[in-house]
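[1] I would like to see how this sequence folds:
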Amino acid sequence: MAWESNGKKLGDVESGDKDAGADSFRHYVRQGTCPHCGGDLRIHLRAEVADISIPVADLDQADAWKRGLSDDQLSVVEMARETGLLASFKAVVEYTKVVDRPSHIERFFVNFMKMSTQKVVPQFAIDHFSRAFPGTRLSFWTCQGIMAVCANGTIRCFAPKDLICGQRIKKANGNGTGMQLHADPHMLDEWSRTRFGYVAGEGAMFEAMRAKSIGEFARPGF
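    Numbers count the residues shown, from 1 in each chain. Coordinates of the predicted model:
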């Protein structure tokens, strides 16, 4: 960057690290010609670090998802993070929600655990996951287009609901329920082949996490 004096620019000659004092960050040298007498000018500049900080707003934003959550709900997020559930859940959410993605995946996970309802799924899905988790009792829970697959009460994977239950297409005029597009079993096979959405490890107990997510309003059959 050039410096100006009385309308005339002074060019850069050198810029380098110099020991210009204990408080200096970097030493700069600029050289040019005096606009009055025509003589050489050499200007020495020293930049100093006054302070380094992270804006409070950025710190608040990083923890914004925690606001209003109970200690039990925060512990659900921590458990999900430690067991790999949160990473698997996030991958499926980002795949499913191309638009309108949640700003805080942690809060969205708590809401999923709190609001999800048990779902009856097609026989091909039961057969598929029975092969994946043999000898277990399966249950399927869904909310906002995401489905959790539980084996013996433990969350083992997440998947898009449409992949298992199909998709309902609304009528062009917006009236009525439209038609139901059935899910393709081969698509579910391909999804599972990639292990996308599967939890690495033993997972975590669904009901225990759900009860903590619901909190004081938890009750049997809620």
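
[2] Around Ser103, how many other residues sit close by?
    A count of nearby residues for Ser103, using other Cβ atoms under 10 Å, gives 9. For every residue, glycine as well, the C-beta is placed using N, CA and C.

[3] is it fair to say it lies in a helix?
    No: read with DSSP: H, G, I helix; E, B strand; the rest coil, Ser103 is coil and lies in no helix.

[4] Do you know the pLDDT at it?
    At Ser103, the predicted lDDT confidence score is 86.

[5] where does it fall, phi/psi-wise?
    phi -70, psi -30 (degrees, to the nearest 10).

[6] if I look at it, how far off is Ala125?
    31 Å (Cβ to Cβ, to the nearest Å).

[7] Identify the residues contacting Phe129.
    Applying Cβ atoms under 8 Å, 6 or more residues apart in numbering to Phe129 gives the contacts Leu138, Val149, Ala151.

[8] Which one (most neighbours) among those residues?
    Most neighbours among the contacts of Phe129, by other Cβ under 10 Å: Val149, with 26 neighbours.

[9] Can you tell me the strand partners of the helix or strand encompassing that residue and which way each runs?
    Following DSSP states H and E, one finds Val149 within strand 146-151. As defined by DSSP bridges, the strand partners of strand 146-151 come to strand 138-143 (antiparallel), strand 154-160 (antiparallel).

[10] And the average pLDDT for the first one is what?
    When the per-residue pLDDT values of strand 138-143 are averaged, the result is 95.

[11] Using PDB, write down the CA coordinates of stretch 95-112.
    Below are the C-alpha coordinates for stretch 95-112, written out as PDB (Å, rounded to 0.1, in the frame of the first residue of the first chain):
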ATOM      1  CA  TYR A  95     -29.300 -35.100   3.300                       C
ATOM      2  CA  THR A  96     -33.100 -34.900   3.900                       C
ATOM      3  CA  LYS A  97     -33.500 -31.200   4.400                       C
ATOM      4  CA  VAL A  98     -31.800 -29.700   1.400                       C
ATOM      5  CA  VAL A  99     -33.600 -26.400   2.200                       C
ATOM      6  CA  ASP A 100     -34.900 -25.100   5.500                       C
ATOM      7  CA  ARG A 101     -32.100 -26.800   7.500                       C
ATOM      8  CA  PRO A 102     -32.100 -26.200  11.200                       C
ATOM      9  CA  SER A 103     -29.600 -23.600  12.400                       C
ATOM     10  CA  HIS A 104     -28.700 -25.700  15.500                       C
ATOM     11  CA  ILE A 105     -28.600 -29.500  15.000                       C
ATOM     12  CA  GLU A 106     -28.300 -30.000  18.800                       C
ATOM     13  CA  ARG A 107     -31.700 -28.300  19.500                       C
ATOM     14  CA  PHE A 108     -33.200 -30.000  16.500                       C
ATOM     15  CA  PHE A 109     -32.100 -33.400  17.900                       C
ATOM     16  CA  VAL A 110     -33.700 -32.600  21.300                       C
ATOM     17  CA  ASN A 111     -37.000 -31.600  19.600                       C
ATOM     18  CA  PHE A 112     -36.800 -34.800  17.500                       C
END
